[in-house]
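[1] Structure for this input, please:
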Amino acid sequence: MKQTFLLIVTSLIPFFGLGQDAVWNHERATETDSLYRTAIEKFIGEMDPLSDTTSKGEAAKTIFIQAENYLSMLPSHLEGYEIQLVGYGNREDVFKQNGYHLRLIRISPLTLKNGQFQITLSSYNAELKRRKHLDLALSDWTIVLFNFKDGHLIYSETKRGGV
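    Below is the predicted model:
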């Protein structure tokens with residue numbers, strides 16, 4: 001009886017331990033998370049409102065971002081826009097709700113280049129043709145630069161380019 005009890009308790013410890021740890025990490029944003037948030041805010045500030053419309057000609061109020069593990073802590077709303085992560089699990093539904101065509105943003109991981117840290121946001125005109133066939137046409141990009149100062153990364157400047 002005692003061995004059975006010990007077996008049950010020891011088998012449950014990893015589940016409770018991982019569950020608590022995962023919740024704690026999920027609720028706590030890191031400095032890197034705030035850098036991605038800053039990059040999206042700068043991207044929104046640089047967006048051309050005329051090129052960002054829905055299929056009905058209305059101003060878009062949703063920013064569709066390709067889901068990546070390092071973007072899991074993004075807020076659901078930012079600067080008056082809804083932020084929606086698009087991954088394999090919801091891709092078909094999201095495209096269907098938007099007429100199989102939308103503006104998809106890919107956010108690169110934080111990288112170091114020429115002594116500055118940067119996050120690149122690439123904007124694509126995306127069209128889902130079939131369940132697993134996604135056509136992407138690069139539209140423009142925004143590079144948000146950060147400098148390392150006093151132990152923190154501080155926003156430096158934004159650069160834009162396009163096709």
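
[2] hang on, Lys42 in a helix?
    Yes - per DSSP: H, G, I helix; E, B strand; the rest coil, Lys42 lies within a helix segment.

[3] Could you report the neighbour count for it?
    By other CB atoms under 10 Å, 20 other residues sit near Lys42. (C-beta placed from N, C-alpha, C; glycine too.)

[4] Repeat that for Arg103.
    Neighbour count for Arg103, taken as other CB under 10 Å: 19.

[5] give me the beta-bridge partners of it?
    Note on Arg103: beta-bridge partners by DSSP bridges are Asn125.

[6] could you list every residue that touches it?
    Residues in contact with Arg103, defined by CB atoms under 8 Å, 6 or more residues apart in numbering, are 52, 60, 63-64, 123-126, 139.

[7] Check the gap between it and Leu74 for me.
    17 Å (CB to CB, to the nearest Å).

[8] Strands of this protein, start to end?
    62-66, 77-78, 81-86, 101-107, 111-113, 116-130, 133-149, 152-162 (DSSP state E).

[9] okay, the angle between the last one and strand 133-149?
    For the pair strand 152-162 and strand 133-149, the angle between their directions (axes from the mean of the first three to the mean of the last three CA atoms, to 10 degrees) equals 140 degrees.

[10] Walk me through which strands strand 152-162 pairs with, and which way each runs.
    Paired strands of strand 152-162, with direction, are strand 133-149 (antiparallel) (DSSP bridges).

[11] Looking at the strands of the chain, which is nearest to Ile40?
    Closest of the strands of the chain to Ile40 is strand 77-78, at 5.9 Å (criterion: CB to CB).

[12] Now do that closest one: which elements does it pack against?
    In terms of contacts (3 or more CB pairs under 8 Å, 6 or more residues apart in numbering; DSSP states H and E), strand 77-78 is packed against helix 31-46.
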